[in-house]
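Give me a 3D structure for the following:
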Amino acid sequence: MQEIINIFVKSVFIDNMVFAYFLGMCSYLAVSKTVKTSVGLGLAVVFVLVITVPVDYLLNEYLLGPGALAWIDESYKTVDLSFLSFIMFIAVIASMVQLVEMVVEKYAPALYASLGIFLPLIAVNCAILGGSLFMQEREYTSIAQATSFAFGSGIGWFLAIVGIAAIREKIRYSQVPAPLRGLGITFIVTGLMGIAFMSFMGIKL
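Numbering: from 1, shown residues only. Modelled structure (predicted):
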């Protein structure tokens, strides 16, 4: 249990998808103009990560990894389908994003309209694929660990986009020099937030 909590805390603060690896920056910068749309997209990213990473973990363990097909028969122990990881992971992500898009369109049409093209673009959000690839690289030993990592990564991305959206809403009322208005000041604030999150690297887990 302690290991699962450690993975969650580390993925939220220390290995934050935005501030540590700069993944998902396109949606992060484009949608973070208002807190409302940022919350909607952030929750969608959390949902997609929590669903896709455990599913991809099971695919990797029982289908794609070296010797993963041994459960079928011992003769398949030497089979390695890991070269199919990218295709399989992307297929799972695309199907989950399609599900999220249909649900949001049905139950929250205003949010669906405000998110626009960026909702289906979750399918190509590198933070989502990055979560599955990091899960594969770190070789988590159980689906609980993979789920904890996925949830923590989603919460970390959610905190990042909601935080920058809140700051951008306040910056509108500030005297920002003309050359820095828009993305310029957003990049500066993102860098400062990244430095702030680096302080969590001192946490011993």
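
And the longest helix seen in the chain, what's buried?
If you go by DSSP state H, the chain has its longest helix at helix 143-171. Residues 145-165, 167-168, 171 are the ones in helix 143-171 that count as buried (16 or more other CB atoms under 10 Å). Where C-beta positions appear, they are placed from N, C-alpha and C, glycine not excepted.

Now do it: which elements does it pack against?
Using 3 or more CB pairs under 8 Å, 6 or more residues apart in numbering; DSSP states H and E, the elements in contact with helix 143-171 are helix 2-9, helix 25-31, helix 35-59, helix 126-138, helix 183-198.

and stretch 149-161, average pLDDT?
Averaged across stretch 149-161, the pLDDT comes to 95.

related to what we said a few turns ago, mean neighbour count added to the helices and strands packed on helix 143-171, as TSV?
Formatted as TSV, the helices and strands packed on helix 143-171 follow (neighbours: other CB atoms under 10 Å):
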stretch	mean neighbour count
helix 2-9	16
helix 25-31	19
helix 35-59	22
helix 126-138	21
helix 183-198	15
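
could I get those helices as TSV with distance to Pro177?
Listed next are the helices and strands packed on helix 143-171 as TSV, based on distance: least, CB to CB, whole Å:
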stretch	distance to Pro177
helix 2-9	38
helix 25-31	19
helix 35-59	24
helix 126-138	31
helix 183-198	9
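
closest one to Gln98 among those?
helix 35-59 (10.3 Å; CB to CB).

doesn't Ile188 make contact with Ile164?
No: in this structure, Ile164 is not within contact of Ile188 by CB atoms under 8 Å, at 11.1 Å.

if we can go back for a sec, closest to Leu115 out of the helices and strands packed on helix 143-171?
helix 35-59 (5.9 Å).
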